[in-house]
Every structure is written in C-alpha cells, then in structure tokens.
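**Student:** What follows is a predicted structure for the sequence shown.
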There are 2 protein chains.
Amino acid sequence: MEKEVVEQDNKTEGKDEILVAALKLFAEKGYFNTSLSDIKDQIGAKTTSPISRHFKTKQAIASELYNSILDNLNISIDDIRRRNKKVVDQLREIVDLMFTLTEEAPEIMRFLLILNTSEFLPEEKPIHESKPFQKIQRIIQAGVKSGEIRASEPPVIFSQFFGIIFQTLVMIITGTLNKKSDSYQASAWVSAWNSIAKV
Amino acid sequence: MEKEVVEQDNKTEGKDEILVAALKLFAEKGYFNTSLSDIKDQIGAKTTSPISRHFKTKQAIASELYNSILDNLNISIDDIRRRNKKVVDQLREIVDLMFTLTEEAPEIMRFLLILNTSEFLPEEKPIHESKPFQKIQRIIQAGVKSGEIRASEPPVIFSQFFGIIFQTLVMIITGTLNKKSDSYQASAWVSAWNSIAKV
DNA sequence: GTCTATACGCCGATAGAC
DNA sequence: GTCTATCGGCGTATAGAC
C-alpha cells in the first residue's frame, strides 16, 4: 500500500508545503526576519531551488499566502450569509469562525492581525479593503437598514464591533489572555454586539 | 539676535534630530524598509557617520525611540492620575491624550499601534507589558474595585475598552475613517466606556 | 565631528550540471 | 526537479583622513 514510510508526512505537495512552511515562519518571526534559507530548512530541502521553482520572489510567496487566506475567508463568509438570514446571526458566525481559526490555525490569524502586511505587500489591498471585509461592511449596512444595528456610519460600527473582537483575539494570540479562547468568546461577543445593537 | 538663518530649522540637535527622522521614516515605511542611508538623507547628511556616532546599531535607534515614547506616555498617565480622582475621568483623559497624539503626532501612534515592535525589538517588553499600559491595567482594577466598572478580569475589560479605542485610532491613521479625529472621539469614548461601565 | 573609503556578511536571485 | 556554484547588491558597521 504505502510506498515507503518517509521521514515525516512532510510531503504535503510541493507548492503547498512551501506555503505552509512560509506561513509558519512569517507568523513566528515576521516576514523580514524570515529568509528563503529559513523556509528551505523548514521544508527539509538542502537548497532554495525547490522554492525558486514555484515562486519567483519571496514576496510572491507572501502574496499568494495573503490572497489565499482572504479567498478562504471570503468563501466562508459567503457561506455564512447564505445560511443565515438575520444580521445578528451572520455576525455571530463570523466571530465564531475567527475564534475557531485563532485556536486551530493561529498562524493565519497572526498573519492577518499582527503582521503589518502592507509593509511587505505594498501593492496588495490592505485587509480592510479586501473582499471579505468589504462583505462584512455590507452586512453591517444591511443591519443598519433593517434596524438591527443602530444608525451610524458603517466604518464606525465596524471599528466598535471588530475593535473588541480583534483586540481580544490579539491578546489571546500573544498570550495576554491565557485561558482557552472559548472562555473569552462569549463575553467578547456580548460586549461587541451590545456596543452596536439597537437599544 | 539670530546667528544666520540656516536652510531650515533642521538643527534640532544632533541625536534628537536623528530620532525624529527615524521615527518619521519608520512610521512611513516600516523599520525594515528604512535603511541607515534613508535616515542619513532625511537629516541631510552626506554619510551615515553622524548616525553611527550616536548609535551603535539601527536597532538602538528604534529602541531609544520606543522607550522614549513609552516614558513620555508614562509621565502623562501619572499626571492624569494625579489630577483625576474618578476612574471614569482618568480613562477619559487617557483616551483624549491618544486622540490628540493621533492628530498632532501620528508617527508616534503609527509606531505604537501599527508597527509590530516585537519584530525588530525582540528583547524589549511588548507594549501591553510596558509601564504605562500596566498603569492603565491598575486603573481598571481600581475601577472594578470601586464599582465604577463591572466585575471581570482586567485584561478582558482592557480588550473591550481599548479594542474600540485602538481600532478607531488605527482606522483614522490609515484613512479608513477620514474625517477629523474629533468627529470620532466622542462616539468611540461613549461606546468604549459603556462596554465596561457598571449597569 | 563630519566625510572617505572600505570591509564584511547575508540574502535574494540565476544559470548550469546532475 | 533538485543540487552546485556564483553573481550582484545592499545594508551595516569600522577605520582612518580632513
């Protein structure tokens, strides 16, 4: 059946393996503190050639990573909107998704929330202008219109709601809040929602 | 009276001039995208020698900048605590200070809120463990004890209160919220305080 | 105390052999 | 498709002259 138990199950599959390794290192040490040589070590290669085969530049790795993360987020949000009618339920599921990601794939949330992506990806849209976050803005607009959320400029609503959520997640990621992330999700949600809900 | 009107009033004074120039560039482009040569250009020197005279390494510049900013913040917070008895007034003045800084010295707030300082200053304490922010935590504790703030873990309170404030400031700095920062201060304060105030 | 010149290392990137 | 070798470039840091 198996064709030799290789050292590890490191063989994700060429390109993906590189992306996973890079994500891990970028999240740990930052983009600029990570060299192609570090990535090469991480995937257990002897040289950086396998990397150069798939990516022209180091930036291209970060770029593909960034867009891939945002794409997945975008898909998830579409799914959430499809499955939930009320704005309150949509936002609750989005928050749930982010807490889940923070626990199960903290590198992704580190990349999004802690790294300053515009510093090494200057030509990419900043996170707040990306598709998934524009969709969130639209959800908020819908909530204002339907009366679920109190009237105010959507970016202001956004800053209040996601200010609480993101800051909570950042403090979980950095270890300032050191219990399991579930412990904080409920209170963060209540507080965030109450800060924008009508009456 | 004056001893020659020099090109500009660039002559802040050697070391300070370097720090001001570095702060500006770090805030604009990030630490890693700023070379000593950039700083040299900014202060109008021909070589990096004047810089090396005052600082052994580029990191030392960032470090002194970081500690100087936190020291000043720390002093301001001491002053605020001295002048205000009630916790609500102390927090309101701290928020006021941060909005004022965002308007009058956005580089400082960029440095604190947007740059990932631990990426280039790994041996410095992260911001949330710095003296001024520890003092803020103590203010929160006092508020919980006095009954002004609802009972909960201080870091949770912190994440909710400053989550809103910081996110608002970040969106002002990055231009997502594009009116004058005063326009947003009031609503951010109300929302942040309500999210933690008792009843 | 500022400029000249230089040294050093590291990293990113490429071309060519196996 | 991976390894060898190398190239150029940049950024930091230093030593020495004015």
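**Tutor:** Received it, and whenever you're ready, just let me know what you need.

**Student:** can you list the residues of chain A near chain B?
**Tutor:** Counting by C-beta under 8 Å from any C-beta of the partner chain, chain A comes close to chain B at A:29-30, A:32-33, A:114-116, A:119, A:126, A:128, A:152, A:155-156, A:158-160, A:162-168, A:171, A:174, A:176-177, A:184, A:187-188, A:191-192, A:194-195. C-betas here are computed from N, CA, C, even on glycine.

**Student:** list the contacts for A:T48?
**Tutor:** A:T48 makes contact with A:L36, A:S37, A:I39, A:K40, according to C-beta atoms under 8 Å, 6 or more residues apart in numbering or on different chains.

**Student:** coming back round to it: write the PyMOL selection for whichever of the residues of chain A next to chain B are buried.
**Tutor:** PyMOL command restricting the residues of chain A next to chain B to the buried ones, with burial defined by 16 or more other C-beta atoms under 10 Å in any protein chain shown:
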select buried, chain A and resi 30+32+114+115+116+119+128+155+156+158+159+160+162+163+164+165+166+167+168+171+174+176+177+184+187+188+191+192+195
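
**Student:** Narrow the residues of chain A next to chain B to those in helices?
**Tutor:** In helices, defined here by DSSP state H, the members of those are A:29, A:119, A:155-156, A:158-160, A:162-168, A:171, A:184, A:187-188, A:191-192, A:194-195.

**Student:** measure the closest residue in space to A:F133 that isn't next to it in sequence to B:W193 for me?
**Tutor:** Leaving aside its sequence neighbours, A:F133 sits nearest to A:I127 (C-beta to C-beta, 6 or more residues apart in numbering or on different chains; 6.1 Å). Relative to B:W193, A:I127 is positioned 27 Å away (C-beta to C-beta, to the nearest Å).

**Student:** Quick check: chain neighbours aside, which residue is closest to A:S187?
**Tutor:** Nearest to A:S187 is B:V156, by C-beta to C-beta, 6+ apart, at 6.1 Å.

**Student:** Sorry, wrong one. I was asking about A:N33.
**Tutor:** B:E119 (6.5 Å).

**Student:** quick one: that neighbour from B:L70, how far?
**Tutor:** 17 Å.

**Student:** What about A:N72, how many residues nearby?
**Tutor:** The local packing of A:N72 (other C-beta atoms under 10 Å in any protein chain shown) involves 13 other residues.

**Student:** what secondary structure does the closest residue to A:F55 other than its chain neighbours sit in?
**Tutor:** Among residues not flanking A:F55 along the chain, A:I61 sits closest, at 4.9 Å (C-beta to C-beta, 6+ apart). Under DSSP: H, G, I helix; E, B strand; the rest coil, A:I61 falls in the helix class.
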